[in-house]
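Chemist: take a look and give me a structure for this.
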Amino acid sequence: MSTHKELWDRWIALWNGDLAVADDLLADELRVNSPKLSPAVDPSQIRDRAGAVALIGGVQAMARLRYETVVGPIGDGDHVTGGWAFTGTYHGGMPGAAAPAGTPLTNTGIDILRIEQGRVVEWWSAAENLTLLATLGLIHVG
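Modeler: Below you'll find the predicted structure:
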């Protein structure tokens, strides 16, 4: 059985594009609690591993991002949480985005993972998305 840290490290590896860890890390069926980023990107509609992998792979296809842990991970029973930050470059392709390819991206957030039998069955994500959405040109401020 994995420790909370080992599980979190695989979680970050998954978001860094190592999609091969998904088979051992994510349950067949899972639930995502995360806000809609655009009309085309609504993580709350994901119900299984394939949907989660498609989301993460799609994110990495539109913007090569490098995630790192900035807080934690903190584990308690069947939950593990950690704070993350990413930096990267937008490649284009997000429906509705006005940002040109090559736009630098940064964001921070936290994820809370609920674990059953060593696999993620549910996750909550909260990120500072307003700046990210403005950078992508999906919302306009000012």
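
Chemist: kindly list the longest helix within the chain.
Modeler: Counting by DSSP state H, the longest helix found in the chain is helix 49-62.

Chemist: what's in contact with whatever helix or strand comes next after it?
Modeler: Sequence-wise, the next helix or strand downstream of helix 49-62 (DSSP states H and E) is strand 63-76. Residues outside strand 63-76 that contact it (Cβ atoms under 8 Å, 6 or more residues apart in numbering) are 3-5, 7-9, 12, 15-17, 59, 80-91, 94, 105, 108, 110. Where C-beta positions appear, they are placed from N, C-alpha and C, glycine not excepted.

Chemist: ok, stretch 125-142 next?
Modeler: Stretch 125-142 has contacts (Cβ under 8 Å, 6+ apart) with 32-35, 37-38, 43, 90, 94, 96-99, 103, 105-112.

Chemist: from the chain's centre, how far out does it sit?
Modeler: 15 Å (Cα atoms, centre = their mean, to the nearest Å).

Chemist: equivalent analysis for stretch 13-32, please.
Modeler: Distance, centroid of stretch 13-32 to centroid of chain: 10 Å (Cα atoms, centre = their mean).

Chemist: contacting residues for Ile112?
Modeler: So Ile112 contacts His79, Val80, Thr81, Trp123, Trp124, Ser125 (Cβ under 8 Å, 6+ apart).

Chemist: and it, helix, strand or coil?
Modeler: Classification of Ile112 by DSSP: H, G, I helix; E, B strand; the rest coil places it in strand.

Chemist: use 41 as the first number for this chain going forward.
Modeler: That works, and once the first residue is 41, the last one we named lands at Ile152.

Chemist: beta partners of it?
Modeler: As for beta bridges, Ile152 partners with Thr121, Trp164 under DSSP bridges.

Chemist: do Glu69 as well
Modeler: Beta-bridge partners, per DSSP bridges, of Glu69: Asp88.
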